[in-house]
Structure formats: structure tokens, C-alpha cells
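> Turn this into a structure:
(2 chains)
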Amino acid sequence: MSVADTKLYRGALPQKGEPAWLRTRREAGLARFEQTGFPTRRQESWRYTDLRALQLTPFPPARDAAALSPDAIAPWRFAGETHRLVFVDGKFSEALSAIGTLSKGATIGPVSTLVSARPALLEAAFDAGDDAAAQPFAALNAAIFADGFVLALEAGVTLDKPVEIIHWVGAGAARSCHLRNLVNLAPNARATLIESFAGSGLYWNNAVTRIALSEGAALSHAKVQSESEDGIHLALNRVTLAAKSAYQSFVLTLGAKLSRHETQALLAGEGASVGLDGAFLLRGSQDATNVTFVDHAAPGGTTRELFKGVADDRAHGAFLGTIAVRPHAQKTDAQQTSRNLLLSPRAAIDTKPELEIFADDVKCAHGATVGDLDEAALFYLESRGIPADAARRMLIEAFAADALDRVTDQPLRDFLDGHLRRWLKVLPA
Amino acid sequence: MLDIKNLHARIADGREILKGITLSIGPGATHAIMGPNGSGKSTLAGVLAGKPGYEVTQGEVLYNGRDLLAMPADERAREGVFLAFQYPVEIPGVNNMYFLRAALNATRKQRGEPDLDAGQFLKAVRAKLKLLEIGEDLLQRGVNVGFSGGEKKRNEIFQMAMLEPKLAILDETDSGLDIDALQTVAKGINALHSLDRAVLMITHYQRLLDFVVPDQVHVLANGRIVKSGGKELALELEKTGYAGVGDAA
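Numbers count the residues shown, from 1 in each chain, chains lettered A, B, ... in the order given. Coordinates of the predicted model:
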């Protein structure tokens, strides 16, 4: 990494008004980033991600967000009632947000205000796990993040409606937005979280989300990445699960020129369960990587993972999935599937499912396929008068639907279907 | 309606399967093409419907005076050509109803008719389902997914009944059907019959022809029509088998 880069980011360290502990975290993060620099393709989990676009253009951290009309975010709104937080250029927009009335024991708000109001809670967003993750962008994020969302529930609290987060970056000079988010669910708390990323023009979103689920807690988490076609999107979700807690996630990747989403899940307590599902649909020269690392560190855990990938034109997708089972994590039940569809001879998808099993009484399976559109099915649809392009879209939608079927919450499913169809340019049936 | 003139076609490996077929079917007519396995029956059906994998090397096919072979498969269908598949394709994830409505509305659009709304569509569906003795629950599944062999064949004829083609090509629709299903399917085919429509039945056996009586029967052997006649030709073949006509080729 060049000296110029370091200056670019060192200059972005907030100068005052923050508690000392946070300042220490920021300095440590920056030092770590200066030490590691950008990841290189020699690192296995970055092997398929070409970061040149990020290095060729300077992306100074975003300063002041321009005022935005509510119309700009309308396409990204969830249809039902939500607790809504909107971030524009990586900063909380009070005008566009509608958090609403919260149940007792629920905290939902921006990091920028909660950092002084709830310091003990916020410190949890910056644990040593960031270092262990060896994630240079997470280190940079720790140093210069401007804002993020907090969702914290006390024991036994169940939110009455989903929490909706819209991350929007407006058109303008190239810049970066660094979001640090925190989800902290106390025992038996339950919530649904819906995140949308969208924007316009050339920018880089760098989001780090720390999710801690206590015993018996459950989080359903859907993410739609629909960044602008010039956008760069890097995200790391770090999830720790206590006994009998459940994390169910669906990541729909549709946008950005370059993107990488990584989920790391640590099943620290007995009988925890993780569902990591997703679909990526790419065209043009888009490049997207999905990385999952599930660490079964306690007995009786369950993982269900299904990713469907579609690449058209010259697009490139990658799925890198690892499930590790530690020696004492007996009775682990893990399944991982990656199925991919190439729509053009110049498109490519790399898939690398991996199991690292150190326990002997486990049930683990994985599988991966890469194939073309079923010509026989295509002809069948065409032979009934359905135009060739519509027939293709039907088959692509059906391919992705397999993963979306894992989303059992109907409004959430409809929300994801809507985004999928927008990508496919299909009008609602 | 359909004029096939000296049609030659080959498959990807270069083998010529159709070696000069000439056949004319007028409106209101029902023709049957019979022949042994490998005689080119399914190739003829595929070429007419626009199935990929065939190359026409000689001859032409006119459909209502238009060059049928120049049209893409989906356009042929919207212009009223329907192929009932010998092996209907299973398409997981594409709902039967959704598929059928898309097909019907694409065809109606071509005819200059407005889209059917959900209510009108459902009404039309129910009437035809009853005719073909198909349970409504089948339509909630993926296209042909989990259908028995007989259900798949009935679904083909059900789709035909919904789309109301001008030219129906039935590729071994009778194969794999028990006698009750055969009668149901025949009822569906006969219900479509009208003076402005034509039917081309491709079959190995004559038994479907007991229920859907053809005006003309043609015997296909080794890529050529070697014999044509009335419905009695089918009965004759039933007795003598294809050995005799095969020699004639």
C-alpha cells in the first residue's frame, strides 16, 4: 500500500468529541491496516477478488452527505411496517429514518449517537475478533467508520416488526463509506433485520457488522446488495452464537462492479443453528464473491447453506464456503450446497466448498455444480409461444427460487422476489 | 394449411434422418403418421416445431403459405403450431399456472386479443381441466414435476386445449397410456377438432386411431413416406406389422 493511501485514511480519523476508548480502537485499527495493507490474491479467500478497481482510484472517506429526497430511497423500501433507519453516504439521516416506538428493552439507533449514550454496549462492536479475522478492511473500518446501526434487545424481547436499514450513497465524487454495525440480542430475544445497499455513481462501501446472539436468541437477516453499477461493496458479518441460538441469513447480490460479502459464524454454544443462504445474479463485467466460514466449536450445531449463482456476459462470481468442525463439536449436522448457472460462454463462476472436520460423530455433506441453462426446458417453454428472452428469464428465476424458497417469512420473500424480478426485468405476475 | 415439400433433415452428427418427405394437410383434416422406431417420426415432429439440433438440408415447409422453417420456435407456437411432446420436460421452479398463463397471453397477444385476467384465466383452466380429468392441484406444482407418465401426456393435451392451436402435432401421445387415459386424451383431441384446424398424429401403434379417426394414414420408413391410404391402412399395419412396408423403402 502506498504512503498516499495511509495519509488519505489517517487524515480521516475523527479528531475530537469521541470517548478515549474509541480513539484507542481507531488508532489500533489504523495501525493494523497500515501493517497489512490491501489483501492480495495470494491470500486464499481473496484469490478470486480483483481489487485493482479499489486501488486505481482514491476513495477518500465521505464527508457531508447531500440532502436526499425520500423518493430516491422509495424503490428500496420494504412494503410492510418497519423500524426504519436510513444512512446516506454512510451517515445516519434522521430526516429519512422512521424508527418509531420501540418496545421496552429494545435499542435501535445510529452508532453516532449511541456511542456516548451506551458506551458499554458499543464497545462490543470492537472485540478482538476483528484481529483474528485478519481482515484488512475491517481494520480500516474500525479506524475510520463514521456511523452504523445498532440493534440491541434485552432478554426475551421480540420486536413487533422488522428492522429495516437502507444504505444509500448519492452521486458525486469518488468516496468511501465505512459503516460499523452492531446487533446484540440477549437471551431469547428475536428480531428480523432487512438491509438494502444501493446508490449511484462511483463509491466504495465498506461495512462491518458484529452480531452477537445470546442463548436462545434468534435473528433472521436479509440483505439485498444492489449497489450502483460502478460501486464497490465489501462487507464482513461476524456472528457469534451462544447455545440454542439461531442465525438465518439470506444475501441477495445483484449490484456493484466489484463486491465481496463474507459471513463468519462461530457456533460457540451447544445446539446453535446457522442458515446461510444466498443468490448472486451478475451480468456485464460484474465481479462478486461470497465467502462463508462456519466454525462449529460446540456440539450439536446445525448448518444449512445453499447458494445459487448466475453469471451472464463476462461476469465473474465466486463462492468460497468453509465449514469447520472442532474436535469436541460432536453431533454436528452441516450441509453446504453451491449451484451455479452460466448464461454466456465468457462468464465464469468459481466455487470452492470445503469441510474441515476434526470430530468423528458428525453428519456433514457438501456439493457444488456449475452448468448451463437447460436447453430442453428452454425449447419446451418456447414451443408454447413464450418468447425466447422471457423463457430464459423464467428459467433463471426458477433457478434462483430454489434458494429463495428457504425464506419462509412471506413478506420478506416477496421483498426479495421483487428485487430479483427487477434484475430480471420481469413485471409482477 | 401445411405443405411439406421434399423435406430433408439431418442431426448434429451428420446423419440424414429425413430423406425427402412430401405431405400436405388441409384445414379440418386429421392425418396419422405411423412407422417403426427410427423411421424419423419424432425428427419430423421436431423439425416442424423448431426444436434445436436438426438441420434442414433440402426442401421447404409452408404453413398457411408462410415459410415455417424461417420462424423461431416461439413464433411458430404463437402462430398456432403446437407440439405435444413424446417426453414432456420437467421444469422445477416454474409453476404450471404461471407458465400456462404466460404462454396463453403471448399467443393472445399475437392474435391481437387482450390478456386474460386472473379470473377469466382460472375459469378457462377449470373447464379444460374437467375435460381432461386433471386435478387442479397438479397446476400448483412445477411444470410436469412429479407428474406420472399419464399425467404428463394429459397435461400436454390440456395445454393444447388451452392454447387452441391451428395445427396440432402429437408425437406419440398415446405411448405409456392405459386405456382409460387414452380415451380421455382422445376426447381432448376430438374436442379441438374444427374445420379450420388440422391434426397430425405420430404414432407407433394404431390403438389411438380407434378413438381419433384419421382421414389419412401415412407410413414412414427410413426417412420417407412409403405408403399412404385411408384409416384402413392402420388396421392393415396392425395385422402385417412394419416389416413389409420397410422392405418397400
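
> count of residues packed around residue B:85?
26 (other CB atoms under 10 Å in any protein chain shown). To be clear about C-beta, it is placed using only N, CA and C from the backbone, and glycine gets the same treatment.

> and what of residue B:70?
10.

> was I right about residue A:46 contacting residue A:39?
Yes - the pair residue A:46 and residue A:39 qualifies as a contact (CB atoms under 8 Å) at a distance of 4.2 Å.

> so which residue of chain A comes closest to chain B?
Residue nearest to chain B within chain A: residue A:398 (2.8 Å; CB to the nearest CB).

> a helix runs through that residue, doesn't it?
Yes - assessed with DSSP: H, G, I helix; E, B strand; the rest coil, residue A:398 lies in a helix.

> picking up where we left off before, shared neighbours of residue A:46 and residue A:39, which are they?
Contact criterion CB atoms under 8 Å, 6 or more residues apart in numbering or on different chains; no residue bridges residue A:46 and residue A:39 by contacting each.

> that older thread, next one, pLDDT for the residue of chain A closest to chain B please.
As predicted, residue A:398 sits at a pLDDT of 93.

> Could I get the contacting residues of it?
Here residue A:398 is in contact with B:91, B:92, B:93, B:94, B:142 (criterion: CB under 8 Å, 6+ apart).

> quick one: residue A:150 from residue A:209, how far?
Distance of residue A:150 to residue A:209, computed by CB to CB, to the nearest Å: 11 Å.

> Any chance you could list residues touching both of these two?
A:181, A:182, A:183.

> with these in mind, which one is nearest to residue A:244?
residue A:183 (17.5 Å; CB to CB).

> ok but the closest one is inside a strand, no?
Yes - the assignment for residue A:183 (three-state DSSP) places it in a strand.

> neighbours of it, just the number please.
Residue A:183 has 25 nearby residues by other CB under 10 Å.

> For it, list the residues it contacts.
Residue A:183 touches A:150, A:151, A:152, A:191, A:193, A:209, A:210, A:211, A:212, A:219, A:221, counting by CB under 8 Å, 6+ apart.

> and the gap between it and residue A:106?
Residue A:183 is 12 Å from residue A:106, by CB to CB.

> What of residue A:390?
45 Å.

> do residue A:22 as well
24 Å.

> With residue A:203 instead?
For residue A:203 relative to residue A:106 (CB to CB), the value is 32 Å.

> quick one: which of those two has more around it?
With neighbours defined as other CB under 10 Å, residue A:203 and residue A:106 compare such that residue A:203 has more, 27 against 20.

> Just grab the bridge partners of that one for me.
Note on residue A:203: beta-bridge partners by DSSP bridges are residue A:175.

> That one: what's it in contact with?
Here residue A:203 is in contact with A:59, A:62, A:169, A:174, A:175, A:176, A:177, A:228, A:230, A:231, A:232 (CB under 8 Å, 6+ apart).

> What of residue A:222?
A:192, A:193, A:194, A:195, A:249, A:250, A:251, A:252, A:407, A:412, A:415, A:416.

> Mind giving me the packing neighbours of the one helix or strand the third one maps to?
Using DSSP states H and E, the element containing residue A:194 is strand A:190-199. Counting contacts by 3 or more CB pairs under 8 Å, 6 or more residues apart in numbering or on different chains; DSSP states H and E, strand A:190-199 is packed against strand A:149-153, strand A:163-169, strand A:175-185, strand A:203-213, strand A:218-226, helix A:410-424.

> quick one, the third one and strand A:163-169 angle?
It stands for strand A:175-185. 170 degrees (axes from the mean of the first three to the mean of the last three CA atoms, to 10 degrees).

> Rounded mean pLDDT for strand A:175-185, please.
On average, strand A:175-185 scores 95.

> now it, how far from the centre of its chain.
11 Å (CA atoms, centre = their mean, to the nearest Å).

> What is the burial count for residue 124?
Assuming you mean chain A. Counted with other CB under 10 Å, residue A:124 comes out at 15.

> that's the wrong chain, I wanted chain B
Count around residue B:124 with other CB under 10 Å applied: 16.

> Where does pLDDT dip in the chain?
Assuming you mean chain A. Scanning chain A for pLDDT under 70 picks out A:1-6, A:15, A:127-134, A:426-429.

> ah, no, chain B please
In chain B, residues with pLDDT under 70: B:244-249.

> before we move on, the earlier item: of the contacts of residue A:398, just say which sits nearest to chain A.
For the contacts of residue A:398, the nearest to chain A is residue B:93 (2.8 Å; CB to the nearest CB).

> Make sure the closest one is indeed in a strand.
Yes - Residue B:93 sits within a strand when classified using three-state DSSP.

> Need the nearest residue in space to it, chain neighbours excluded.
residue A:398 (2.8 Å; CB to CB, 6 or more residues apart in numbering or on different chains).

> who's residue A:353 bridged to?
Bridge pairing for residue A:353 - DSSP bridges - gives residue A:321.

> That one: how many residues sit nearby?
Neighbours of residue A:353 (other CB under 10 Å): 19.

> Hmm, it is touching residue A:307, no?
No - with contact defined as CB under 8 Å, residue A:353 and residue A:307 do not form a contacting pair (9.1 Å).

> Now do the shared contacts for the two.
A:319, A:321, A:337, A:338.

> would you list the residues you listed in TSV and tack on neighbour count and secondary structure?
Below are the shared contacts of residue A:353 and residue A:307 laid out as TSV (neighbours: other CB atoms under 10 Å in any protein chain shown; DSSP: H, G, I helix; E, B strand; the rest coil):
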residue	neighbour count	secondary structure
A:319	27	strand
A:321	24	strand
A:337	21	strand
A:338	26	strand
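
> shared neighbours, residue A:183 and residue A:106?
residue A:152.

> which residues sit against stretch B:22-33?
B:1-7, B:41, B:44, B:167, B:193-203, B:209, B:212-220, B:225, B:234.

> Can I get it in CSV, CA atoms only?
Output in CSV follows, covering the C-alpha atoms of stretch B:22-33 (Å, rounded to 0.1, in the frame of the first residue of the first chain):
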residue,chain,number,x,y,z
THR,B,22,-43.8,-34.6,-49.1
LEU,B,23,-47.0,-34.2,-47.3
SER,B,24,-50.0,-31.9,-47.5
ILE,B,25,-52.6,-31.4,-44.8
GLY,B,26,-55.6,-29.2,-45.3
PRO,B,27,-57.8,-27.4,-42.7
GLY,B,28,-60.1,-29.7,-40.9
ALA,B,29,-58.1,-32.8,-41.7
THR,B,30,-56.6,-35.3,-39.3
HIS,B,31,-53.6,-37.2,-40.6
ALA,B,32,-51.7,-40.0,-38.9
ILE,B,33,-48.0,-40.9,-39.5
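
> can you pull the buried residues of that stretch?
B:23, B:25, B:29, B:30, B:31, B:32, B:33 (16 or more other CB atoms under 10 Å in any protein chain shown).

> repeat for stretch B:63-73
Result for stretch B:63-73 [16+ other CB under 10 Å]: buried residues B:63, B:68, B:69, B:71, B:73.

> contacting residues around the fourth one?
For residue B:71, the contacting residues are B:50, B:79, taking CB under 8 Å, 6+ apart as the criterion.

> any idea how far it is from chain A?
According to CB to the nearest CB, to the nearest Å, residue B:71 and chain A sit 11 Å apart.

> near chain B, which residues of the stretch 151-300 of chain A?
Within the stretch 151-300 of chain A, no position lies close to chain B (CB under 8 Å from any CB of the partner chain).

> is it fair to say residue B:152 lies in a strand?
No - with three-state DSSP as the criterion, residue B:152 is helix rather than part of a strand.

> Can you report how many residues neighbour it?
18.

> can I assume residue A:282 is in contact with residue A:316?
Yes - the criterion here is CB under 8 Å, and residue A:282 meets it with residue A:316 at 7.3 Å.

> Identify the contacts common to these two.
What both residue A:282 and residue A:316 touch, as defined by CB under 8 Å, 6+ apart, is the set A:288, A:347.

> More neighbours: these two, which one.
residue A:282 (26 against 20).

> how about the strands of chain B, start to end?
B:2-11, B:16-25, B:30-34, B:54-63, B:66-67, B:81-84, B:91-95, B:142-143, B:167-171, B:198-203, B:216-221, B:224-229 (DSSP state E).
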